[in-house]
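Engineer: Sequence first, then the predicted structure, then my questions.
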Amino acid sequence: MPTSLIVTALPALTVMLGWAVFMVLMVRRARATDRTTRRRDPWSWVGISLQGIAFGIAWSLERFRFARLVDTHETLATLRLMVVILLVAASLRLFQRSLATLGTHWSLVARVGTAHQLITSGPYAKVRHPIYVAMFGMLLAASLAMGGPVCMLPGAVLFVLGTVMRVRREDSLLRAEFGASFDLYAARVGALVPRTRSS
């Protein structure tokens, strides 16, 4: 039996609404960002570009073919909807908490301000780059809602490449600014995946 229009359309609408909230949070934080700069790495734009291309793939490649296949089965369509909603909600929550914890230190491009501090609390106590984890969650949600497995793999690969590039650039700036303090933090906290504590 074909699924209802609501169950069919909601995954894509959820992702669109999630990205709208993502952008609002980012713009609001950008307005309050400390604009002074002591160190900057313009090469981080390469990583940003790769991440952007990854999202373009998630939104467009094989668009809706996977969705049409899934939506012919009520159970699969409902499961897909639930997973997309959970991914978007968890990603938005992590993004909001990360921005709030960073405060005026957040910046789109890798840089260190004149009054920069090493943030190690909140989500940053678990991973050094929680915003990229939140973005990856949104990428997976977009792939499930808009395309499917065909676009998820190339999108994920490009996103990971761009993220690794940004992580290295940002960590290099923080290491140059905070020295041993950052080294101790990096040894204790993983970049994107929480580390298990050894007994």
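Structural biologist: Yes, it's here.

Engineer: would you list every one of the helices in this structure?
Structural biologist: Under the criterion DSSP state H, the chain contains helices at 5-31, 44-60, 65-70, 74-102, 130-142, 149-178, 180-188.

Engineer: nearest residue to the residue nearest the centre of the chain other than its sequence neighbours?
Structural biologist: Centroid-nearest residue in the chain: Met135, 1.3 Å away (criterion: C-alpha atoms, centre = their mean). Nearest residue to Met135, sequence neighbours excluded (C-beta to C-beta, 6 or more residues apart in numbering): Gln51, at 6.9 Å. Bear in mind the C-beta positions are built from the backbone N, C-alpha and C, glycine included.

Engineer: who touches the one you found in this structure?
Structural biologist: Met135, Leu158, Phe159, Gly162, Thr163, Arg166 (C-beta atoms under 8 Å, 6 or more residues apart in numbering).

Engineer: hmm, try it at 10 Å
Structural biologist: When contacts are counted by C-beta atoms under 10 Å, 6 or more residues apart in numbering, Gln51 touches 132, 135-136, 139, 155, 158-163, 165-166.

Engineer: that older thread, return the member of the helices of the chain having the minimum mean pLDDT.
Structural biologist: With a mean of 55, helix 65-70 has the lowest mean pLDDT of the helices of the chain.

Engineer: Could you tell me how far Leu81 is located from Arg97?
Structural biologist: For Leu81, the distance to Arg97 (C-beta to C-beta, to the nearest Å) stands at 25 Å.

Engineer: Those two - which one has more neighbours?
Structural biologist: Neighbours per residue (other C-beta atoms under 10 Å) separate Leu81 from Arg97, with Leu81 holding more: 22 against 16.

Engineer: you'd agree the residue nearest to the centre of the chain is up against Phe22?
Structural biologist: Yes: assessed by C-beta atoms under 10 Å, Met135 is found in contact with Phe22 at 8.4 Å.

Engineer: can you pull the buried residues of stretch 49-62?
Structural biologist: When neighbours are counted by 16 or more other C-beta atoms under 10 Å, the buried residues of stretch 49-62 are found to be Leu50, Gln51, Ile53, Ala54, Phe55, Ile57, Ala58, Trp59, Leu61, Glu62.

Engineer: And for the first one, nearest residue in space, chain neighbours not counted?
Structural biologist: In space, not counting the residues next to it along the chain, Leu50 is nearest to Gly162; the distance is 3.0 Å by C-beta to C-beta, 6+ apart.

Engineer: burial measure for that neighbour, as a count.
Structural biologist: Neighbours of Gly162 (other C-beta under 10 Å): 22.

Engineer: Let me see the contact set for it.
Structural biologist: Contacts of Gly162 by C-beta under 10 Å, 6+ apart are Ser44, Val46, Gly47, Ile48, Ser49, Leu50, Gln51, Gly52, Ile53, Ala54, Tyr132, Met135.

Engineer: ditto for Ser172
Structural biologist: Arg39, Asp41, Trp43, Ala110, Phe182.
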